[in-house]
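In: sequence plus the predicted model coming up.
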Amino acid sequence: MIKELNDSNFAEVTSQGVVMVDFWAVWCGPCRALAPHVEAIAEEYEGRVVVGKLDIEASEKVAMELGIRAIPTIIFFKNGEIVDRTTGLVNKKVLAEKLDALLA
């Protein structure tokens, strides 16, 4: 349900519909704490939202282009445009509220 994103497929995946991308790194404790919330969102919104994860160390180009300076960062896209962003550890409710607003 969660799409692994990288420098090669990022633009294509984020260009259509509502997409939520979790920018993370293996060594990041808060990123690991956020992961269950991202997984729950992917299950709950399957078929309506694309949920992706991008490892900032493996895909530095996209992370630099988007100005990712702290992780975890979640960016919300709608039809290829950035429409919202969160940085730091947030709960599932915050993510769901943001997605519900984009889907309304």
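Out: Here it is on my side, so go on.
In: contacts for the top helix by length along the chain, please.
Out: The longest helix of the chain (DSSP state H) is helix 29-44. Outside helix 29-44, the residues that touch it by C-beta atoms under 8 Å, 6 or more residues apart in numbering are 1-2, 20, 22, 24-25, 49, 51, 53, 71-72, 74, 88-92, 95-96, 99. Bear in mind the C-beta positions are built from the backbone N, C-alpha and C, glycine included.
In: rerun at 10 Å
Out: Under the criterion C-beta atoms under 10 Å, 6 or more residues apart in numbering, residues 1-3, 20-26, 28, 49-53, 55-56, 70-74, 86-96, 98-99 lie in contact with helix 29-44.
In: in it, which residues are buried?
Out: Neighbour-count burial for helix 29-44, counted by 16 or more other C-beta atoms under 10 Å, picks out C31, L34, H37, V38, E39, I41, A42.
In: again, but for stretch 8-26
Out: F10, V13, T14, V18, V19, M20, V21, D22, F23, W24.
In: cool, thanks, talk later.
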